[in-house]
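> 3D model of this:
(4 chains)
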4 protein chains.
Amino acid sequence: MPVEDTTMLFDRSRKSSGTVVNVNGVEIGGKQLVVMAGPCAVESRDQILETAHAVHRSGARILRGGAYKPRTSPYNFRGLKEEGLQYLAEARDETGLPVVTEIMDARHLDIVCRYADILQVGSRNMQNFTLLEELGRLQIPVLLKRGMSATIEEFLCAAEYILSGGNQEVILCERGIRTYETASRNTLDLNAVPILKRRTHLPVIVDPSHGTGYSWMVPHLARAAVAVGADGLIVEVHRAPNEALSDATQSLSPDEFDEMMKTLGPIAEAVGREIDHLEPAI
Amino acid sequence: MPVEDTTMLFDRSRKSSGTVVNVNGVEIGGKQLVVMAGPCAVESRDQILETAHAVHRSGARILRGGAYKPRTSPYNFRGLKEEGLQYLAEARDETGLPVVTEIMDARHLDIVCRYADILQVGSRNMQNFTLLEELGRLQIPVLLKRGMSATIEEFLCAAEYILSGGNQEVILCERGIRTYETASRNTLDLNAVPILKRRTHLPVIVDPSHGTGYSWMVPHLARAAVAVGADGLIVEVHRAPNEALSDATQSLSPDEFDEMMKTLGPIAEAVGREIDHLEPAI
Amino acid sequence: MPVEDTTMLFDRSRKSSGTVVNVNGVEIGGKQLVVMAGPCAVESRDQILETAHAVHRSGARILRGGAYKPRTSPYNFRGLKEEGLQYLAEARDETGLPVVTEIMDARHLDIVCRYADILQVGSRNMQNFTLLEELGRLQIPVLLKRGMSATIEEFLCAAEYILSGGNQEVILCERGIRTYETASRNTLDLNAVPILKRRTHLPVIVDPSHGTGYSWMVPHLARAAVAVGADGLIVEVHRAPNEALSDATQSLSPDEFDEMMKTLGPIAEAVGREIDHLEPAI
Amino acid sequence: MPVEDTTMLFDRSRKSSGTVVNVNGVEIGGKQLVVMAGPCAVESRDQILETAHAVHRSGARILRGGAYKPRTSPYNFRGLKEEGLQYLAEARDETGLPVVTEIMDARHLDIVCRYADILQVGSRNMQNFTLLEELGRLQIPVLLKRGMSATIEEFLCAAEYILSGGNQEVILCERGIRTYETASRNTLDLNAVPILKRRTHLPVIVDPSHGTGYSWMVPHLARAAVAVGADGLIVEVHRAPNEALSDATQSLSPDEFDEMMKTLGPIAEAVGREIDHLEPAI
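Down below sits the predicted model:
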């Protein structure tokens, strides 16, 4: 695959102004940076509602939360499934935040689409080609996470599966790659951001939570992601990280998230972008 | 995950004699090494029949061939689908060789199970957990390939998804991992074979075709795989490698395969195993 | 090695305020960010003088340039050696910029110390332990680059070799690690910056030139490095990148460097740091 | 660097019959496989003499042992230095086994050459180019170990540094590369063996001790290395592995080594090679 490949639908030359994905009025890929935040997994009605309000107050524009959870071991907590989706929808109703949640299986599409505003394809499914094809047939925004050891070319080709089906609403997400280094959970590949922005017209966001694995590192890499030119962030926030059923070490508390958000504005400005700090909805 | 984890169904201590998977009389995991061979993809009736007879004559015990092909780009050849499965079944009828073929999507299970004797889960789907769960509910042998950057622990946990569903017929396959080295397509990790044999009671086979990416290397690594203690091999053979629609550089011609097979016997013997050279069936 | 290891001289707890390395009045590790810039290799008197003046005008505080060059192939240009050092010294005299240059061999120490203000240990020599020991016996600042596949623990232990000899003037440099990704020359590991800052009291700078391999990417990652908390940058600048005898693709032109420098100030400020834009010296 | 590069001295086409390095009558690169064995580090006179006799009895043809030890931390045992070399020479005198030992620094050449028959360049020094140049000027066999994350091209170019100086006695050693996998210390890259044998006329040996990190794995990978076409092995053997000052987990006891050696003959034969089992010298 050459550096410029005009036969590919993702190619920058196809849409030099860049794709802006509009989710219920929230524009991803525009001047305004978009922060998606929320817990790794929806664990209870209370947990997601409380977290949704908190991240909303701090400036998040999209609520994240997993209802179907891919887990390395079959014996780990794997999500509340439809019950979790219902709580997410309730949180959206209360806060106005659109919801992004993971789709693990094409057979769940009917039910997940009933509740979600953006469908997330996780790293382990980046090359689940039949799932990508199904998503290509829908008209719903897709957040495609880079596979754990996917090259940028493979990542772009995975996006092409969706685009070639007719769905143009694809958001790319760099979330760290697997390397020999064990001091962090993954190695966040910020090189990927300018490369993706140059190769493609699609919005590119960064996940500093999975990209580092440790909550104290998240604000540092979130700032770097904004500085490098990302169109947004997706960040794990839990009302009580120590009690989280998954990703406890990498989840920010609402206070930590709030503090981080305050630091992003000046950096966004320095690279010609903005971050809107919403007023509390209630 | 500790080195010995007796709570896991894959743990060696659960079945110290080792699991032997019986596929229409072909035993995988026994004293006899089992070689699976055939083209990357079924391309035509002629192609698969001719190749099946050839590999059978050279001692292969299982026929491989893809009907549903996961491909990096959506614009590549993606298999003949059911037509390909029919040709595979015809080749089995003519040669007596059981058939292994890839399952990419749980929704294809009905149709693929109608024709296949072993279901292969490809590297990209090693952590397609809902697919693994479905396979756990069946009573059909599963060939589980290691993910491109899966740790051995993740690989074993993926097998656990199948085992914990009730299906004990799991065959593990080392097929090379992704590293910085570009002189070969992947880095075949033969360290994984003794580790897997020590940690688990499941049979372990090796794929030197994907593990190297070049046909001239395959016989060398096939011999190494036998020497290191693998229970079998899976090898790509095409009647005319230069014309193959996928994996052309790594496919052996029938003659090259035959020559390779002749060299495996003495090595198998040296490590206390056997390879049966079948007489031509016709 | 535990996360905090007070037996190690590099440990943060030993010097909670952080080490500031003073090089002829330029402080590395203080509030002010320090940018080191210059060509990969000194190629001629004209080239280094012209480049030195240019980077000085744009705000660089240290001049870089290689006189002894480690090259993958023995048949590549390997530096002007002492002649190159003399030109560097001349450039320092003209601009006032202290000089950092690579030391490849302990036997060159006498001569290199005659001209250099900071000795750089390249990635390939990060674990050249006898060289590190010699540097530990001197009182000259050492810029220690992370090895191509060094873990953070190995990197810190390499610094410990120098510190334990008595030389406390060590500057750490993240310059990208080797991964499977080929779209950039290395994968710049910005996770390493906050980890190193937390684990150690030593200054940490970033090399976005080697960390990316492409000049167009350098400004993006330079901004990210400032945002993530680095104490400085080291950047390759060549008066005519297309004609460079080494690292042509990753060298900035003086104009590109100048443009990049102008963008760093606001980001530095956003993270509580400063970058001084010097007035032209002449 | 193209697949065939006749401008390089290492290129296969330069010497199609292959280089045979003769060390006091032991031929490396000939039909006979050569096993080098001994402790990671020389720890005492007794230890090295006892081990030397043991490995000699089991068929080793070269004695290995480190006198100058590169260690990640400066506070670890770093070898007996000249005293260690003297013990090695004594062991050679008693057993007749030529000695291979590591050279860490060009300034040690005089003293190390006084005792050693083969100079080993360790992984960390594979790109210590000034050391390689010095070795190129000598007429003594050099065992060049692959760097921890060296590509095969970089490995060959490092050999070229020695060859281009005039020293043709270079032995290449694959010893495992650094990957994301942590179940073994390194990932032994046996793909490298046939690639190196095809690209170059130099002998290629394998180090299954560093390539695995665990003594129980060593015999398995030693057998694989013979099957894949290596010209020899280098194996760590300690009279009491649990008491070893370095590499304890990967050292074989003399009994384990003996048992392993007995299994290599039939595999060597299967690939057209031989392993000579020497009679005890005393």
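> For the residue nearest to the spatial centre of chain A, give the beta-bridge partners.
Closest residue to the average C-alpha location of chain A: A:Ile234 at 4.4 Å, with Cα atoms, centre = their mean. Beta-bridge partners of A:Ile234, counted by DSSP bridges, are A:Met36.
> Please tell me I have it right and it contacts A:Ala37.
Yes - A:Ile234 lies in contact with A:Ala37 (Cβ atoms under 8 Å); the separation is 7.4 Å. The C-beta positions use only the backbone N, C-alpha and C, and glycine is treated the same way.
> Need the overlap of contacts for the two.
With contacts taken as Cβ atoms under 8 Å, 6 or more residues apart in numbering or on different chains, the residues that reach both A:Ile234 and A:Ala37 are A:Ile62, A:Arg64.
> what about stretch A:198-212 and chain C, any contact?
Yes - judged by Cβ under 8 Å from any Cβ of the partner chain, stretch A:198-212 comes into contact with chain C at A:Arg198, A:Gly211, A:Thr212.
> so where's chain A uncertain?
For chain A, the stretches flagged by pLDDT under 70 are A:1-4, A:277-282.
> those strands in it, which residues are they?
For chain A, applying DSSP state E gives strands covering A:21-23, A:26-28, A:34-38, A:62-64, A:99-102, A:118-121, A:142-145, A:170-174, A:204-206, A:232-236.
> that older thread, residue contacts, the residue nearest to the centre of chain A?
Counted by Cβ under 8 Å, 6+ apart, A:Ile234 has contacts A:Val35, A:Met36, A:Ala37, A:Ile62, A:Arg64, A:Val100, A:Leu143, A:Cys173, A:Ile205, A:Val206, A:Asp207, A:Ser209.
> would JSON lines of those with neighbour count be doable?
Formatted as JSON lines, the contacts of A:Ile234 follow (neighbours: other Cβ atoms under 10 Å in any protein chain shown):
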{"residue": "A:Val35", "neighbour count": "25"}
{"residue": "A:Met36", "neighbour count": "30"}
{"residue": "A:Ala37", "neighbour count": "29"}
{"residue": "A:Ile62", "neighbour count": "26"}
{"residue": "A:Arg64", "neighbour count": "30"}
{"residue": "A:Val100", "neighbour count": "24"}
{"residue": "A:Leu143", "neighbour count": "29"}
{"residue": "A:Cys173", "neighbour count": "27"}
{"residue": "A:Ile205", "neighbour count": "25"}
{"residue": "A:Val206", "neighbour count": "30"}
{"residue": "A:Asp207", "neighbour count": "29"}
{"residue": "A:Ser209", "neighbour count": "30"}
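> Turn these into JSON lines, including distance to B:Phe77.
Output for these, formatted as JSON lines (distance: Cβ to Cβ, whole Å):
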{"residue": "A:Val35", "distance to B:Phe77": "42"}
{"residue": "A:Met36", "distance to B:Phe77": "37"}
{"residue": "A:Ala37", "distance to B:Phe77": "42"}
{"residue": "A:Ile62", "distance to B:Phe77": "38"}
{"residue": "A:Arg64", "distance to B:Phe77": "37"}
{"residue": "A:Val100", "distance to B:Phe77": "34"}
{"residue": "A:Leu143", "distance to B:Phe77": "29"}
{"residue": "A:Cys173", "distance to B:Phe77": "29"}
{"residue": "A:Ile205", "distance to B:Phe77": "33"}
{"residue": "A:Val206", "distance to B:Phe77": "35"}
{"residue": "A:Asp207", "distance to B:Phe77": "34"}
{"residue": "A:Ser209", "distance to B:Phe77": "38"}
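> For burial, what's the neighbour tally of the residue lying closest to A:His210 once chain neighbours are set aside?
Among residues not flanking A:His210 along the chain, A:Arg175 sits closest, at 4.5 Å (Cβ to Cβ, 6 or more residues apart in numbering or on different chains). A:Arg175 has 22 neighbouring residues, counting by other Cβ atoms under 10 Å in any protein chain shown.
> Likewise for A:Leu97?
Neighbours of A:Leu97 (other Cβ under 10 Å): 28.
> Report whether the expected contact of it with A:Arg64 is present.
No - with contacts counted by Cβ under 8 Å, A:Leu97 stays clear of A:Arg64, the gap being 9.4 Å.
> From A:Asn128, how far off is A:Tyr115?
Separation of A:Tyr115 from A:Asn128 (Cβ to Cβ, to the nearest Å): 21 Å.
> quick one, which of these two is more surrounded?
Taking neighbours as other Cβ under 10 Å, A:Tyr115 and A:Asn128 compare with A:Asn128 leading, 29 against 18.
> Verify the stated contact: that one with B:Arg124.
Yes - counting by Cβ under 8 Å, B:Arg124 is a contact partner of A:Asn128 at 7.1 Å.
> A:Ala37 touches A:Val235, doesn't it?
Yes - counting by Cβ under 8 Å, A:Ala37 touches A:Val235, with 4.7 Å between them.
> Of all residues in chain A, which one is closest to chain B?
A:Ser149 (3.5 Å; Cβ to the nearest Cβ).
> phi, psi of that residue?
Note on A:Ser149: backbone dihedrals following degrees, to the nearest 10 are phi -140, psi 30.
> OK, contacts around it?
Counted by Cβ under 8 Å, 6+ apart, A:Ser149 has contacts A:Ile177, A:Arg178, B:Met148, B:Ser149, B:Arg178, C:Tyr180, D:Tyr180.
> Give me the nearest residue to it, chain neighbours excluded.
That would be B:Ser149: by Cβ to Cβ, 6+ apart, it lies 3.5 Å from A:Ser149.
> Please determine how far A:Leu144 is located from A:Asp11.
Distance from A:Leu144 to A:Asp11, by Cβ to Cβ: 16 Å.
> and these two? which has more neighbours close in?
More crowded of A:Leu144 and A:Asp11, by other Cβ under 10 Å: A:Leu144, with 25 against 18.
> what's the burial count for the residue lying closest to that one once chain neighbours are set aside?
The shortest distance from A:Leu144 to any non-neighbouring residue, by Cβ to Cβ, 6+ apart, is to A:Val121 (5.0 Å). Neighbour count for A:Val121, taken as other Cβ under 10 Å: 25.
> same deal with A:Asp93?
Neighbours of A:Asp93 (other Cβ under 10 Å): 11.
> before we move on, what about A:Asp255?
For A:Asp255, using other Cβ under 10 Å, the count is 11.
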